[in-house]
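Undergrad: Quick one: sequence and predicted model below, then my questions.
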Amino acid sequence: MKLLTCPVNGTRPLSEFVFGGEYRVAPPADCTDAEWAAYVHNRSGAPGIKNEWWYHAPSGTWFIAERNTLTDKVMRTYLKGQEGSK
Amino acid sequence: MQTDKFITPIAHAFSAGLGSWGVINGMQVVTQFVDKDVEEIRKELLGIADASFLGKFGVKGRHAAQWLQDQGVDIPTQSNSWVADADGNLVLRLGGSEFLIEDAPDGNLCEKLLKADAKRAGVYLVPHVEASLVLSGSAVQELLVEVCSIDLTRAALGTQEVIMTQFAGVSVVLIHQDLEGEARYRVWCDSSYGPYLWEFMAGIASEHSGGPIGVGNYFSL
Amino acid sequence: MPLRLLKYALSKDYPGTRFFKAHETPKKSYDVVIIGGGGHGLAAAYYLAKEHGITNVAVLEKGYIGGGNTGRNTTIVRSNYLTPEGVKFYDASVKIYEGLSEELDLNLFYSTRGHFTLAHTESAMRTMRWRAEVNKHVGVESYVVGPDEISKACPQLDMSCSGQAPILGALYHAPGSVARHDGVAWGYARGADQLGVEIFQNTEVLGIDVKAGKVVGVNTNKGYIATSKVLSAVAGFTPRICEMVDLDTPIVIHPLQACVTEPMKPWLDTILVSGSLHVYVSQSSRGELVMGSSLDPYEVHSTRSTLDFVEGLTSHMLDMFPFLSNIKVVRQWAGMADMTPDFAPIMGKTPIEGFYLDAGWGTWGFKATPISGKTMAETIARDHAPDLIHSFRLSRFEDYELTGEKGAASVGH
Amino acid sequence: MSARLAKQKGEWINRSTAVKFSFEGKEFSGFEGDSITSALWASGEQVIGRSFKYHRPRGILSFANHDVNIMLTDGMDTNIRGDVVPVRNGMALEAVNTDGGVKKDKNRFIDSISPLLPVGFYYKAFHTPRKLFPFWENIIRKAAGLGVVNFNYPRILKRKKHRHCDVLVIGAGASGLSAAYEAGKSGLRVMLVDENLQIGGSLGFDWGGTQEAANLLKDLLAKVESLPNVEVIAAAYAAGYYPDHLIPVVTADGMIKVRANAVIMASGAFEQPPVFRNNDIPGVMLGSAAQRLLHRYSVKPFSNGVVFTANDYGYRVAQDLLEAGIKVAAVVDLRSDAKDGPLAAQLARRGVKTISGSCIYEVQPNAGKTGVKSVTVAEYDEKLNEALTRSKVTIDCDGVAMCAGWAPAANLLYQAGTAMRYDYGVHQFVPNKLPAGIFAAGRVNGVYALEQKVQDGARAASLALRHIGLGTPELSSVSPSNTAQSHEYPVVPHPKGKNFVDFDEDIQVKDFINAAKEGFDNIELMKRFTTVGMGPSQGKHSNMNAIRILARVRGVPVEQIGTTTSRPFFHPTPIGHLGGRGFHPHRLTPLHDMNHKLGAVFTDVGAWKRAAYYQVPGLSLADTVLAEVEAVRTKAGIIDSSSFGKIEVHGPDAALFLERFFTGSYSVQPVGSSRYTMLLDESGVVIDDGLAHRLADDLFYLSSGTSNAAAVYREMQRWQQMWQLDIGLVNVTGSYAAINIAGPLARQVLSGLVNVSLDESAMPAQSICEAEIAGVPVRLIRVVFVSDTTYELHIPTPQAAFVWERVMGAGHALGLKPFGTDAQRLLRLEMGHAMPGIDTDGLTNPYEIGADHALSLDKPDFIGKRSLQIIAKRPLKKILVAFALDAGYAGEMPFECNLVIRDGEIEGRVTSIAYSRTVGRVIGFAYVAPDHSALESRFQIRADSGALVSATVVSSHFIAMQK
């Protein structure tokens, strides 16, 4: 099983985590209906490095993982709001 | 089973009539499962005991650390670490801003804290009624490697580290204690999972000639 | 022994004509370029040639034909979906499948075995009942059966699932079948090739040339191909192709894993699915148990295997069939599944003129191979999607008109 | 006729303990430590199995856990591998896949009609006419498969353990032992695993007539054993490689999931058979198989054998045979320059003739094809790849040892993502680029000579230590063996075929040529069409030759062909090991024992065990549920709702958080009151509902259904991460038990127990207060889910049983009865409450369930609001309505999910339906077209039989219809 490093709790097997999908920012509320529908439904599905939500279940920690969806390698993980820190 | 107000969450795992029940700290617990000598051997090899009767207190929030210090509680400075005070009360820092405090068998810190006024922004009480377990004995690693996928050998653990992980598919909080030369693993899990986790681990313990130890024998109360 | 086999015995030189020609260099232009030499792409090519007379078609395959999800699925064919649109569509597929061996003159081992979707919870029973009602309405033979009937069809099944999840009933689907997945791709390839379609293996699309909102050509590792019509039929790679034309879709890729045991003498005659235990299983004509589970829980564009998949799956297999303890798993593998939010495919035209999409097949593309080929061929030939696939159009997401197949497709196989 | 030799040095058998067993009805005996195959071979049995397709007699091929033609059944167990499974007393063995026994297999005729069954024959026949296919399929299905499964085989859940180490070494031959020792010297945790019952790898059997290997083994073993931090596990195979260096090691007892910081693959190589006619006759075996027989089991592979070699290894085998007193009739060497070399000279001194530049053209079997009579040797033209049959000679012999080369046991290397290249020096694939933390040593690296293997192991260990971060000096690389250990094309054509490449699947050379002719000239397509490598041995002895043949057919170098993908498992792995002892966590409410004592029958709701109903002797399930309902309607009922989700939202921004999270309005909600909560996702779909109880300006207590509780809390945490409001979220689901007391007498039951007034004015519907029962602090909530008068008590978990007993005691005289989730479903229906998940599906929006009232669209924002603005513009397609069947309806009862039909088309469906004794009607919820949703509208439900049942849209407050 793959390992993932929770920025608070350290390296754990993937079974301790819940995948929360890509980290996305919603368009402003005054966007067009089409823009909103695209935000709600569409995803950037092509492989590459993405920021994703992950949840460490035993501790209840949400964090962001920068992961290459092609190779499944995780570059780094951080708490939201602490992007700058390594 | 005598009716008192508090019952250990592990109770459902104890088949009726098994062992002798008693009230400790106001909670109904099994004070002894089998013959004391047998429990002593289990303790040496691989024992599992129910510590749910120990008083617990929790608080979280961005000012929780300060509030605890205001109450005169020594808190661990690092995230995910723990300290024991001179009386043996445990203070666990769960992540950065949440604390779990568990009394020593004869402690009453939690009662004091419960009475203190925690009502302020950034300090939130967290009720703690977890199943609280103790694992110990020379073969304890044999049990740990079956229920947990991370390395819990002493060499792999940081000093005073609090670990939040999963045991047999259940989220737990875990610490390792050295008490008078005896290695002890303390495990807390949601009370509703308590009976399951107890049964699973007690089963493995008995495969290694260990097993449950009554509260009375374990804590020399 | 069938007489047909005699011809091999009597021939000194085995009658070894190629299934399809070994084309190396594409022409400068084609009427239609199909990206993806899997079952879907090849079927679309076949029906374009056969039913619409469009034979100036190139099928471009990055690897070898049938090497993607066509060759990685667990070969189950069924039509017991949840929405009327889904049931009608897959039923049309089943009907073509039933005569496909004859049509393609290749034995696809299309074997109708009956298909049970087991329900272990009240809520699963509700979904089974719902599916049965919709199936019946559309004229598909599916109905809810009780434990007795399940036991009768599969006496080896532990109805209590080792006490873990007692079986309350099942959705029985009489037309449920299995088929040789490779054969489907090869048969369509041969059929298309004989009608003049050109199939290129080891040919990778590097870009799609779009001018003023219209497709004008395709860049490949074997040169530029001019064309006004491109079909993307590349399950698992759809987002990469769509990126080439700047088309956003809801598709994300999750691996779907499967595994197979050593061969044993046949004992499992039906196809069994358990949504609660995340298992589907059938026994192949080679005697292997072919088993799969639900999707991997997160996005990865790779076909790596995981241990937790096979641990979970086999644990549930033991719940259902306790006597398999010492039967051995030989091999595990994975495919990459195009997942959509409503678990229904995305088919038809797109905002880019001349760019057609056959995608979003999730874990259930194999069973749609013939009908997707047929309907996509029609869509391309007439530049208009037939009614049968209207509910699967890409624009349904913008329209908030999703086609909810999740209840029938999540571990549905 | 016994083939057992006198005691050999290092043998694995224990001659003092005999083992008695039977094979195909005949009694045999072997020694403890024998494998099934060695015991049979020692007793002169050479036909131990039949091949899969042609039913040809088969004996030993590899003796290395891929002798797939020797699979046996011993009554209970099947597909037992004779080459590696130890023989046990009382085994009653039979070969799998025969009709009438291995000797007289009735299917052996298939061998003679094999021309009818060319490669891929099954694709080309049996399908026309369509009607006949099931007939043929039935025959083919029965012919396929190996052993017969015994349905009484016990369910065995093997133990699974996790282990962590710094360096895992796979393979305990010369290079593996050396690697483990060198790595172990660092003091780090080293694990060394080997699949064989005893460690040593080829050092234990490949002696070449000298003691060098045995001495080296002794030396390396002593070194490794001197290091306490090196753990050596024999009889344990590394079953696969998974990301982040997770390697399941399978032993007889279970599975050890090893997580290593670095992995050294010293997994050796599989010997590959040369391909010639009748290379499958029993008695023809790999050289290494002959050596294993000799040295491990002290069994003669044959008495008078020919060694057919294409490398120097054959000469080592010949020396070992001679040492054991076996006659070597000749060494036939495919290489033209062999006979003048020193190895040939050594053999010549012992009287063995070397025939170089020659091949075995064919084996002449004895009459029953059960053994070797002689071999025909012919000159071999390496350039033309032809046997020059004009010069053939026949040599009498009873066995052949085959040594044509090796294929690396690189399965795990491939799985780890190693890029391999074909090395033309050793004619073998070797690692080119290794992934981080993965190292290779020994034969997988193309290194064969003893001293070099030891060096290569040390080199790999130093790299592994450097990877972990130790400043170990980097050792220079070890050059691969200087003479080719593998022949580049050990394939002898024969017009009559039966020159087997894949012994699992009976695939001959011509099958590959024909497959290529038909267009299957890509290695993956060829694999799929011919099924090469798809049998239980997974290509261990066949893939390399298949690649060589395809390269030859296509006229390209081997490396352009590439290899097929390697997948787990290295060896087929039992389901009982993989499935093993798993975890099935479940949650019990603190009232579990109480429920149990009252006769509760439990149902799974998520991980929870909830009481579905309380069994009453002599009462049917339906009547039991109706009686529970009746108690609530006429007196009082009590239900354990402890599994409900319970979340506290603390802090100055608590109301704001709720406003953003749910659809409703909470900022002005009075303290002490409860309000409905509905959660949408961003696309406007209904996810969950529940109640928000305000305990203070800055404290909300949320309760929700059981199934979504964990997910809802998780989502709250996530949105809080984004919003960063001044709140604190506390999940108290497990901290509080919950009990509902419902019914007209509920107030009476509780009034004597609680320390607060329960008067309507003090405690109206939708209110909450903190109270005490017998000194236990509780949260007391007035809810309306199952009846107008319902009190919900939230009690600290450890005191729940105490309070439950008090309430039961107080209610006893009033007729208080427990009720379960079944009754609850009907009760809530009577009250007109739709339930997410039952009356909604994964795409339902709030308008479709008529929940417009729950939407505060004038709020700045809430999750899903923007989507609702879009949805609101679109015509509604369906809407949930409450309905009743006609009073006195006595026809066929419709069920949930029966369809609503109008003009023969689907209009909607029933989501809930039940007979309500309270109302005296069949009531329910259904989706209908908005045009037909007005009160009193009529619609038709199609019942199971197809009968249409009329229903009327009614007000959802069914209880008001009460007679």
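TA: That came through fine.
Undergrad: How many residues are close by the nearest residue to B:F200 once chain neighbours are set aside?
TA: In space, and not counting its chain neighbours, B:F200 is closest to B:A168: 4.8 Å by Cβ to Cβ, 6 or more residues apart in numbering or on different chains. (C-beta placed from N, C-alpha, C; glycine too.) B:A168: 21 surrounding residues under other Cβ atoms under 10 Å in any protein chain shown.
Undergrad: pLDDT score assigned to B:A168?
TA: With respect to pLDDT, B:A168 scores 97.
Undergrad: Surely it and B:W198 touch.
TA: No: look at B:A168 against B:W198 with Cβ atoms under 8 Å: they stay out of range, at 10.3 Å.
Undergrad: for D:V149, what are its contacts?
TA: Taking Cβ atoms under 8 Å, 6 or more residues apart in numbering or on different chains, we find D:V149 in contact with C:264-265, C:267, C:323-324, C:327, D:78.
Undergrad: now the residue nearest to the spatial centre of chain A, which residues is it bridged with?
TA: Closest residue to the average C-alpha location of chain A: A:E52 at 1.1 Å, with Cα atoms, centre = their mean. Beta bridges link A:E52 to A:E22, A:A65, judged by DSSP bridges.
Undergrad: which residues sit in contact with it?
TA: Counting by Cβ under 8 Å, 6+ apart, A:E52 has contacts A:19-23, A:64-67, C:298-299.
Undergrad: isn't C:K349 right next to C:Y356, touching?
TA: Yes: contact criterion Cβ under 8 Å: C:K349 and C:Y356 qualify, at 6.2 Å.
Undergrad: Mind checking which of those two has more residues around it?
TA: Legend: neighbour count by other Cβ under 10 Å for C:K349 and C:Y356, higher for C:Y356 (25 against 18).
Undergrad: Pretty sure that one sits in a strand.
TA: Yes: counting by DSSP: H, G, I helix; E, B strand; the rest coil, C:Y356 is located in a strand.
Undergrad: Skipping its backbone neighbours, what lies nearest C:D269 in space?
TA: That would be C:R113: by Cβ to Cβ, 6+ apart, it lies 6.0 Å from C:D269.
Undergrad: Any residue of stretch D:233-246 touching chain A?
TA: Yes: residues of stretch D:233-246 contacting chain A under Cβ under 8 Å from any Cβ of the partner chain: D:242-244, D:246.
Undergrad: those strands in chain B, which residues are they?
TA: In chain B, the strands defined using DSSP state E lie at B:6-7, B:20-24, B:27-32, B:47-50, B:56-60, B:82-84, B:90-94, B:98-102, B:124-125, B:131-136, B:162-167, B:170-179, B:182-189, B:211-213.
Undergrad: Check which helices and strands the first one sits against.
TA: Read it as strand B:6-7. With contacts defined as 3 or more Cβ pairs under 8 Å, 6 or more residues apart in numbering or on different chains; DSSP states H and E, strand B:6-7 has these neighbours: strand B:27-32, helix D:800-812.
Undergrad: Parallel or antiparallel, list what pairs with the shortest one.
TA: Which is strand B:27-32. Note on strand B:27-32: by DSSP bridges, its sheet partners are strand B:6-7 (parallel), strand B:20-24 (antiparallel).
Undergrad: And the average pLDDT for the last one is what?
TA: Meaning strand B:20-24. On average, strand B:20-24 scores 91.
Undergrad: what residue ranges in the chain are flagged as low confidence?
TA: I'll assume chain A. A:84-86 (pLDDT under 70).
Undergrad: nope, chain B
TA: For chain B, the ranges with pLDDT under 70 are B:1-3, B:15-17, B:221.
Undergrad: what does it put close to chain A?
TA: So chain B meets chain A at B:79-80, B:94-96, B:149-150, B:163-166, B:171-173 (Cβ under 8 Å from any Cβ).
Undergrad: Columns mean neighbour count on top of the strands of chain B, output as TSV?
TA: Compiled in TSV, the strands of chain B are given as follows (neighbours: other Cβ atoms under 10 Å in any protein chain shown):
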stretch	mean neighbour count
strand B:6-7	24
strand B:20-24	16
strand B:27-32	22
strand B:47-50	27
strand B:56-60	24
strand B:82-84	19
strand B:90-94	22
strand B:98-102	23
strand B:124-125	24
strand B:131-136	24
strand B:162-167	24
strand B:170-179	19
strand B:182-189	21
strand B:211-213	27
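Undergrad: nearest to D:A516, of those?
TA: Nearest to D:A516, of all the strands of chain B, is strand B:162-167, at 51.8 Å by Cβ to Cβ.
Undergrad: what's next to the closest one, contact-wise?
TA: In this structure, residues lying in contact with strand B:162-167 by Cβ under 8 Å, 6+ apart are A:9, A:12, A:15-16, A:56-59, B:76, B:80-82, B:92-95, B:147-150, B:152, B:157, B:171-175, B:187, B:189, B:197, B:201.
Undergrad: D:S336 reaches D:S356, doesn't it?
TA: Yes: counting by Cβ under 8 Å, D:S336 does reach D:S356; the two are 5.9 Å apart.
Undergrad: Between the two, which has more neighbouring residues?
TA: A side-by-side neighbour count of D:S336 and D:S356, using other Cβ under 10 Å, places D:S356 first with 19 against 13.
Undergrad: which residues touch the more buried one?
TA: D:333, D:335-339, D:344.
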